[in-house]
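1. structure here, sequence nowhere to be found:
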């Protein structure tokens, strides 16, 4: 009877082991991503997000959403079309282990103090945590490129991006475009 239990446990755990994240394998797979996101996930192109230090869960979910068409982008959608689940897990593991280097594009630094007020009033840190470090499927927003952040905030507001169950849309729908720009400027200053 004990042998049957051991075999049953092994059979249950085997699929999880087979799909474990492999950051080393992700490094190899990330070569195709480097042109936009940088070799180490620290994109120098303001229109593309910094992936370094994002949570593996968030990165995997975004790749999956691009693949399933729940999130669309003319550059990303074709890049993920042929990725397997394992590829996405490996890429997520790799980028989550990279260190954010803090060299990003910044918005109007004079607007950053207004952006902090807007973010505080919207209670953004309830989900994104203090310092906007992110958690689980909530992205790290601290230090992200100004241009990318503003584009995403507007996409949520205009319901062009809806792969978060409407949480962000509910938060930003009443915030003016000027205040969204201030918030993006504020987030770009964080480390």
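-> Sure, I can see it. Note that the structure is a prediction, hence the values are computed from the model and not measured.

2. check residue 49 and give its pLDDT.
-> Model confidence at residue 49, expressed as pLDDT, equals 97.

3. got it, and the one 5 residues further on?
-> According to the predicted model, the pLDDT of residue 54 comes to 97.

4. before we move on, what about the one 3 residues further on?
-> Predicted confidence (pLDDT) for residue 57: 98.

5. burial count for it?
-> Taking other CB atoms under 10 Å as the criterion, the count of residues near residue 57 is 15. Using the backbone N, CA and C atoms, a C-beta is placed for each residue, glycine as well.

6. so it is in contact with residue 136, correct?
-> Yes - contact status for residue 57 versus residue 136: in contact at 5.1 Å, counting by CB atoms under 8 Å.

7. can you give me the neighbour number for the spatially closest residue to residue 97 that is not a sequence neighbour?
-> Closest residue to residue 97 in three dimensions, ignoring its sequence neighbours and counting by CB to CB, 6 or more residues apart in numbering: residue 23, at 5.1 Å. Number of residues near residue 23 (other CB under 10 Å) recorded here: 18.

8. and the gap between residue 23 and residue 141?
-> Using CB to CB, to the nearest Å, one gets 23 Å for the distance from residue 23 to residue 141.

9. ditto for residue 32
-> As for residue 32, its distance to residue 141 is 25 Å (criterion: CB to CB).

10. contacts only, for residue 134.
-> If a contact means CB atoms under 8 Å, 6 or more residues apart in numbering, then residue 134 has 54-55, 58, 128, 140-142 as its contacts.

11. show the pLDDT at the spatially most central residue of the chain.
-> By CA atoms, centre = their mean, the chain has its centre lying nearest to residue 139, at 4.6 Å. Reading off the confidence values, residue 139 has pLDDT 97.

12. cool, and residue 22?
-> For residue 22, the model assigns a pLDDT of 89.

13. tell me the domain ranges of this protein?
-> Using automatic domain parsing, the domain parsing of the chain gives 20-96, 109-189.

14. quick check: phi and psi on residue 138?
-> Comment: the main-chain dihedrals of residue 138 come out as phi -100, psi 120, following degrees, to the nearest 10.

15. I'd say it and residue 58 touch.
-> Yes - using CB under 8 Å as the test, residue 138 is close enough to residue 58 to be in contact (6.8 Å).

16. give the intersection of the neighbour lists for those two.
-> Residues touching both residue 138 and residue 58 (CB under 8 Å, 6+ apart): none.

17. in which helix or strand does residue 179 reside?
-> Using DSSP states H and E, residue 179 sits within helix 177-189.

18. which helices and strands does that helix pack with?
-> Contacting helix 177-189 under the criterion 3 or more CB pairs under 8 Å, 6 or more residues apart in numbering; DSSP states H and E are the following elements: helix 112-121, helix 146-157.

19. no more questions from me, cheers.
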